[in-house]
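*Asks:* All I have is the shape, not the residue letters:
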């Protein structure tokens, strides 16, 4: 049996990882569900969010004002980064590609991802950014003698709130219900008078903002360096594949599974960290080939 | 030997030319050609799968398996024989892909892309955390020998170059043969409509499995050749970013002919050299924009510019027309 202390550490870390993974991958699954685009550029949004948050926190804390306001900077940075980049990409590139093959869209978004990588480098250089101030602002609390920053618990709460808000927006608002119709059948909803193009644009921007938000929230806890986008995208893929691509609830379950798998291996056998994630994924897919909550797909003859 | 077609004759003619290039051109150019012969074979593996509509975002897995098979044989048993290492690379790629094929053949399209990516990242995770294998730094390979003959320092590079050209050309010709064989055409049908294949009594899964294994073996050979050329291997070989580059090459060069990815690799290698020199921080912007432009304006890749009948689709319609029209009606 695991010692009590390790078990507690796995649970708290697992929840922390899960929250971070959910925030980073829910935008990906949303975009896939509505637009059927597997958006590799999501890693680019994550990096943009992380950089803009870390950079603005760094600038702000130089002024010596109270750190409390940096908690406002994080969502604002994500919002600005996500809206600007999301709108530019959707209106500038993607809208000309709608209706193309799904796999071709993967390549298109991969190309966009490459461009975003260098744009990030051109704006913020190749140095790493550290914006630890918000993470330590509330101090830390001890869980059975292990100190954890309060920030981490806030992130867990934020992830739960974001998940609940999305669920509510999709199921209980007018636009959410219309969006469900668009997901179900694009052509029928267009002929019923739903502005599908507008829904696509809004969905893509929301997805981009969520991706940037994942990065912005993570920024105080990590060192923001080039390449974080490429790292997060493989983890986010694992999360949404396990959960079933296109399902928000699935992304939550997937994030919890991956988060705990990672926390478990970090505390029990650290070298298997990356391996454990994909092992879990392989096991899930062996039983449910398209993930736990896959969207139904018709056979085309 | 009468049944050689134009592409095969071209390859046979290209071999002495390629070797002559190696002996005449300046060393730094030869180095790039040498390295891109290895990576070119991996791109060829991606292209073979793309013919069947399968995009692998994890072909680096077999590139890496080939490289590490050769590297480990040198590290553990002191093996450095060219032929033995290639055989080992083929064996490793064959075994792994045969087993993984049972999983991957169930998937298509983006699921195939993501699962192949996931599998390659498993190896990446394992290799970068194993300290005995130098974790992320990798390790070096011993100098290559040939059936017990170890060439001197001054000629070893040239010998290895010539030795690399030959298997590359052989692989390309064999793959070309495969693509024109009944199985190769099943692959193309797979891309068009899988269910119809099943109605015709073929097993689509079996076909995917066969194509997957063939692509894997070619990529492993590429990995062995690349590792010997560079003398060093590291886990980056199986990072998804590396695999995505192979996909990029296949898109850039097109899937019309087996020669396309080989030329495409070489072209990209040279563009990279100059781009990194002129604009070191915007290399990915160039690559990304070129990729977008190719996808939009040249969906069948650069090869469609040089091929006389504009790639696969037209070739096919030509043939259908030729078959349905009376003799002599074609001008």
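*Replies:* Done, it's in. All values derive from a computational prediction rather than experimental measurement.
*Asks:* Contact partners for residue 100?
*Replies:* This is for chain A. Residue A:100 is in contact with residue A:108, counting by Cβ atoms under 8 Å, 6 or more residues apart in numbering or on different chains. Bear in mind the C-beta positions are built from the backbone N, C-alpha and C, glycine included.
*Asks:* Let me rephrase: I mean chain B.
*Replies:* B:119, B:212.
*Asks:* so where do the helices sit in the chain?
*Replies:* Using chain A. Assigned helices in chain A, in chain order: A:4-35, A:42-62, A:70-92, A:102-124, A:133-137, A:150-172, A:174-184, A:186-191, A:196-218, A:228-243, A:248-268, A:273-287 (criterion: DSSP state H).
*Asks:* not what I meant, chain B
*Replies:* So, for chain B - with DSSP H - the helices run B:6-24, B:27-51, B:60-77, B:82-104, B:109-129, B:153-180, B:182-192, B:194-199, B:204-230, B:240-253, B:259-278, B:283-297, B:303-306, B:311-324.
*Asks:* Let me know the angle separating the first one from helix B:27-51.
*Replies:* Between helix B:6-24 and helix B:27-51, the angle comes out at 160 degrees (axes from the mean of the first three to the mean of the last three Cα atoms, to 10 degrees).
*Asks:* and the stretch 101-250 of chain B, which residues reach chain A?
*Replies:* B:103, B:106-107, B:109-111, B:113-115, B:117-119, B:121-122, B:124-126, B:128-130, B:193, B:195-196, B:240-241, B:244, B:247-248 (Cβ under 8 Å from any Cβ of the partner chain).
*Asks:* Show me what residue of chain B gets nearest to chain A.
*Replies:* residue B:125 (2.8 Å; Cβ to the nearest Cβ).
*Asks:* Now do the contacts for the residue nearest to that residue when sequence neighbours are not counted.
*Replies:* Residue nearest to residue B:125 in three dimensions, not counting chain neighbours: residue A:274, with 2.8 Å by Cβ to Cβ, 6 or more residues apart in numbering or on different chains. Contacts for residue A:274 were tallied using Cβ under 8 Å, 6+ apart; they are B:121-122, B:124-126, B:128-129.
*Asks:* Lowest pLDDT pick from those residues?
*Replies:* Here the lowest pLDDT out of these sits on residue B:129, with 78.
*Asks:* Quick check: the closest residue to chain B within the stretch 201-301 of chain A vs residue B:235, distance?
*Replies:* Nearest residue of the stretch 201-301 of chain A to chain B: residue A:274, at 2.8 Å (Cβ to the nearest Cβ). Distance of residue A:274 to residue B:235, computed by Cβ to Cβ, to the nearest Å: 11 Å.
*Asks:* Generate a ChimeraX selection restricted to the buried subset of the residues of the stretch 101-250 of chain B next to chain A.
*Replies:* Selection of buried members from these for ChimeraX, criterion 16 or more other Cβ atoms under 10 Å in any protein chain shown:
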select /B:106,107,110,111,113,114,115,117,118,119,121,122,124,125,126,128,129,240,241,244,247,248
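*Asks:* what residue lies at the spatial centre of chain B?
*Replies:* residue B:42 (2.3 Å; Cα atoms, centre = their mean).
*Asks:* contacting residues for that one?
*Replies:* Taking Cβ under 8 Å, 6+ apart as the test, what residue B:42 contacts is B:59-60, B:62-63, B:218-219, B:222-223, B:226, B:246.
*Asks:* On the pLDDT front, check residue 245 for me.
*Replies:* If you meant another chain, say so; for now it's chain A. 80.
*Asks:* The intended chain is chain B.
*Replies:* Value for residue B:245, per-residue pLDDT: 86.
*Asks:* Okay, now the unreliable bits of the stretch 51-200 of chain B?
*Replies:* Along the stretch 51-200 of chain B, no part satisfies pLDDT under 70.
*Asks:* at 80 what do you get?
*Replies:* Applying pLDDT under 80 to the stretch 51-200 of chain B picks out residues B:78, B:109-110, B:129-138, B:140-159.
*Asks:* Pull the residues that contact stretch A:78-92.
*Replies:* By Cβ under 8 Å, 6+ apart, the residues outside stretch A:78-92 that reach it are A:41, A:44-45, A:48-49, A:51-53, A:112, A:116, A:200-201, A:204-205, A:207-213, A:215-217.
*Asks:* Okay, buried residues for that stretch please.
*Replies:* Neighbour count says stretch A:78-92 has A:78-82, A:85-86, A:89-90 buried, by 16+ other Cβ under 10 Å.
*Asks:* wait, which of these is closest to chain B?
*Replies:* For the buried residues of stretch A:78-92, the nearest to chain B is residue A:89 (11.0 Å; Cβ to the nearest Cβ).
*Asks:* measure stretch A:63-72 end to end?
*Replies:* 16 Å (Cα to Cα, to the nearest Å).
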